[in-house]
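K.L.:
When you get a sec, could you give me coordinates for this:
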Amino acid sequence: MLFLLAASAARAADLPPPLADLAARVNPAVVSIASMAPVNANSSQDDGNDDSGGGDGGGDQGNASQPASDGADNTSGSVVPPPKTIESLGTGFVFDSAGYILTNNHVVAGASNITVTFADGSVFPAILAGHDDDADLAVLKINAGHPVPAVSFGDSSKLRVADWVLAIGNPFGMPGSNTAGIVSALHRQIGDTKFDDFIQTDAAINKGNSGGPLFNLQGQVIGVNAAIYSPSGASDGIGFAIPSSMAAPVAEALAHSGKMSRGWLGVATEEVTPAIQTVLKLRGTDGALVGAVAPDSPAAGRLRPGDVITALGGVPVEDPRALYIGTAEYQTGQTVSLSYMRDGAARQANLTITAPPPPLNETIAPGGNMDTTVSLPAYGLKLAAKPGANGALIVAASGPAAKAGLAAGEVIEQVNGVSVANAADVGRQIKTLQGAPPVFLVSGPAGGGNAGPRWVAVPGQ
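P.N.:
Residues are numbered from 1 along each chain as shown. Model (predicted):
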């Protein structure tokens with residue numbers, strides 16, 4: 001009997017979780033969105049995320065302002081048809097009971113009229129409180145005259161692959177549609193937004209689901225359904241959601257100030273390659289290697305080249321892109337904890353994020369004498385003999401140097417963590433490595449054609 005009970009319990013644990021109570025609890029906070037816009041305002045957004053419905057004129061991309069018959073005299077009774085509109089159907093959810101609703105920006109972009117419909121049939125006009133193009137998110141505001149059902153955000157950083165999730169939305173104009181699945185993958189980059197870091201799920205997501213919530217089993221929103229991969233145009237089991245780690249701060253910022261003012265740490269970072277790991281005696285290749293620190297930035301005086309950032313706000317940093325996306329989740333003025341490694345020791349600092357400086361348009365002339373060069377043929381480098389403003393100017397790069405990504409006009413500032421002022425310094429420092437590949441800290445080139453500063457390992461021929 002005990003064996004049978006244990007076997008029964010094991011089989012029950014393998015079954016999908018019951019979701020009816022969860023759906024009943026969160027459904028009242030999910031809304032269907034219909035937005036009307038002139039045909040030319042957003043009808044060209046055919047990027048796989050188009051949630052256009054069968055609205056008036058939705059299939060006519062012609063010039064809606066043309067008269068009924070060419071060359072007709074309007075003064076004799078000809079009729080000019082009214083401008084046509086296209087209806088976009090999508091989903092949203094209430095995250096603040098005062099009537100603030102989060103959805104995708106592409107659902108309401110260019111809309112002149114927006115209405116939201118709740119699960120109980122209540123319909124309200126909505127206004128756009130703010131939008132963030134970079135994250136494809138927008139916040140709507142309704143005035144219901146009373147608190148409305150709302151749901152809360154969860155912590156998407158705690159998601160694991162194969163966790164169960166529930167999606168609710170308005171696919172093809174069918175409101176309140178519930179679909180379930182698992183987290184298929186994390187940190188997907190699909191080229192959809194500036195901060196691609198999507199949750200991939202096999203919960204069925206179709207046109208009209210955009211902007212809808214993706215729930216964990218606790219009923220918390222851990223993602224905003226935003227895109228699908230679908231050669232057929234319908235769900236093929238590959239959907240993508242913006243993680244709540246990005247969506248939650250954007251929602252709050254748009255609701256309170258109408259915009260998301262992202263901050264800046266002031267560091268240029270590179271991936272930790274195995275070669276750099278060896279040179280800097282690091283334990284692994286996770287993290288973002290600091291190549292340079294901008295003056296008068298949040299990181300100035302706290303970080304220095306050679307530090308490896310390992311966590312931001314308590315969230316591990318796997319690579320420079322993770323640091324870039326993590327920083328984008330904070331607004332200017334916020335203070336964030338930052339963990340990093342220096343000289344083999346773990347350290348921590350609290351940085352107050354500021355707005356980035358305006359871009360510089362002026363061209364920085366490279367230092368050095370182009371007529372007199374020093375060659376390092378084993379590495380495919382020709383360097384200006386005369387000291388540059390910040391180091392040794394690269395006159396030409398071929399062979400191993402070109403393969404590693406170096407180019408003429410860039411400046412070598414350090415070799416294996418040691419500052420260099422000219423070509424002779426570079427040569428002397430390379431000799432001390434006794435055949436080990438040099439790791440250069442480079443910046444430039446003049447005019448900003450390449451990103452920098454950055455660390456580059458160059459194996460010899």
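
K.L.:
and Val31, how far is that from Glu252?
P.N.:
Counting by Cβ to Cβ, to the nearest Å, the gap from Val31 to Glu252 is 19 Å. C-beta: built from backbone N, CA, C; applies to glycine.

K.L.:
brain fart, Pro377
P.N.:
57 Å.

K.L.:
Looking at the two, which one has more neighbours?
P.N.:
Legend: neighbour count by other Cβ atoms under 10 Å for Pro377 and Glu252, higher for Glu252 (18 against 11).

K.L.:
So the more buried one: helix, strand or coil?
P.N.:
helix (DSSP: H, G, I helix; E, B strand; the rest coil).

K.L.:
Could you do Ile276 as well?
P.N.:
Following three-state DSSP, the label given to Ile276 is helix.

K.L.:
Now do the same contact list for it.
P.N.:
For Ile276, the contact set (Cβ atoms under 8 Å, 6 or more residues apart in numbering) comprises Glu270, Leu282, Leu289, Val439, Trp455, Ala457.

K.L.:
Need those in a markdown table (columns: neighbour count, pLDDT and secondary structure).
P.N.:
Formatted as a markdown table, the contacts of Ile276 follow (neighbours: other Cβ atoms under 10 Å; pLDDT from 0 to 100; DSSP: H, G, I helix; E, B strand; the rest coil):
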| residue | neighbour count | pLDDT | secondary structure |
| --- | --- | --- | --- |
| Glu270 | 20 | 86 | strand |
| Leu282 | 18 | 85 | coil |
| Leu289 | 29 | 91 | strand |
| Val439 | 21 | 85 | strand |
| Trp455 | 28 | 82 | strand |
| Ala457 | 20 | 81 | strand |
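
K.L.:
Please identify which of the residues you listed is nearest to Ser157.
P.N.:
Proximity of these to Ser157 (Cβ to Cβ) peaks at Leu289, which lies at 22.2 Å.

K.L.:
Spit out the contact partners of that closest one.
P.N.:
Thr269, Glu270, Glu271, Val272, Ile276, Leu280, Gly306, Asp307, Val308, Pro320, Trp455.

K.L.:
Can you report how many residues lie near the third one?
P.N.:
In this case it means Glu271. By other Cβ under 10 Å, neighbour count at Glu271 equals 16.

K.L.:
residues in contact with the most centrally placed residue in the chain?
P.N.:
Closest to where the C-alpha atoms of the chain average out (Cα atoms, centre = their mean) is Phe195, at 1.1 Å. Phe195 makes contacts with Asp134, Ala135, Met246, Tyr324, Ile325, Ala328, as judged by Cβ under 8 Å, 6+ apart.

K.L.:
same check, this time on Pro213
P.N.:
By Cβ under 8 Å, 6+ apart, the contact set of Pro213 is Val26, Val30, Thr91, Phe93, Val151, Ala167, Ile168, Val221, Gly223, Val224, Asn225.

K.L.:
Convert the C-alpha atoms of the helix or strand hosting the last one to PDB, please.
P.N.:
Pointing back at Asn225 there. Counting by DSSP states H and E, the element that carries Asn225 is strand 221-228. Once non-C-alpha atoms are left out, strand 221-228 reads as follows in PDB (Å, rounded to 0.1, in the frame of the first residue of the first chain):
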ATOM      1  CA  VAL A 221       4.200  38.800 -14.200                       C
ATOM      2  CA  ILE A 222       7.600  37.600 -15.200                       C
ATOM      3  CA  GLY A 223       7.400  38.700 -18.800                       C
ATOM      4  CA  VAL A 224       5.600  40.800 -21.400                       C
ATOM      5  CA  ASN A 225       4.700  38.800 -24.500                       C
ATOM      6  CA  ALA A 226       6.200  40.700 -27.500                       C
ATOM      7  CA  ALA A 227       7.100  38.600 -30.500                       C
ATOM      8  CA  ILE A 228       6.900  35.200 -32.200                       C
END
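
K.L.:
re earlier: can you lay out the contacts of Phe195 as JSON lines showing secondary structure, neighbour count and pLDDT?
P.N.:
Converted to JSON lines, the contacts of Phe195 look like this (DSSP: H, G, I helix; E, B strand; the rest coil; neighbours: other Cβ atoms under 10 Å; pLDDT from 0 to 100):
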{"residue": "Asp134", "secondary structure": "coil", "neighbour count": "14", "pLDDT": "92"}
{"residue": "Ala135", "secondary structure": "coil", "neighbour count": "27", "pLDDT": "95"}
{"residue": "Met246", "secondary structure": "helix", "neighbour count": "25", "pLDDT": "96"}
{"residue": "Tyr324", "secondary structure": "helix", "neighbour count": "16", "pLDDT": "90"}
{"residue": "Ile325", "secondary structure": "helix", "neighbour count": "20", "pLDDT": "92"}
{"residue": "Ala328", "secondary structure": "helix", "neighbour count": "20", "pLDDT": "91"}
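
K.L.:
Widest-spaced pair of these?
P.N.:
For those, the maximum inter-member distance is 13.1 Å, found between Ala135 and Tyr324 (Cβ to Cβ).

K.L.:
doesn't Gly130 make contact with Ser257?
P.N.:
Yes: between Ser257 and Gly130 there is a contact under Cβ atoms under 8 Å: 7.3 Å.

K.L.:
Please identify which of those two sits among more neighbours.
P.N.:
Set Ser257 next to Gly130 and count neighbours by other Cβ under 10 Å: Gly130 wins out with 21 against 12.

K.L.:
which ones are touching the more buried one?
P.N.:
Residues near Gly130 by Cβ under 8 Å, 6+ apart: Ala138, Val139, Ala253, Leu254, Ala255, Ser257, Gly258, Lys259, Met260.

K.L.:
Noted, bye for now.
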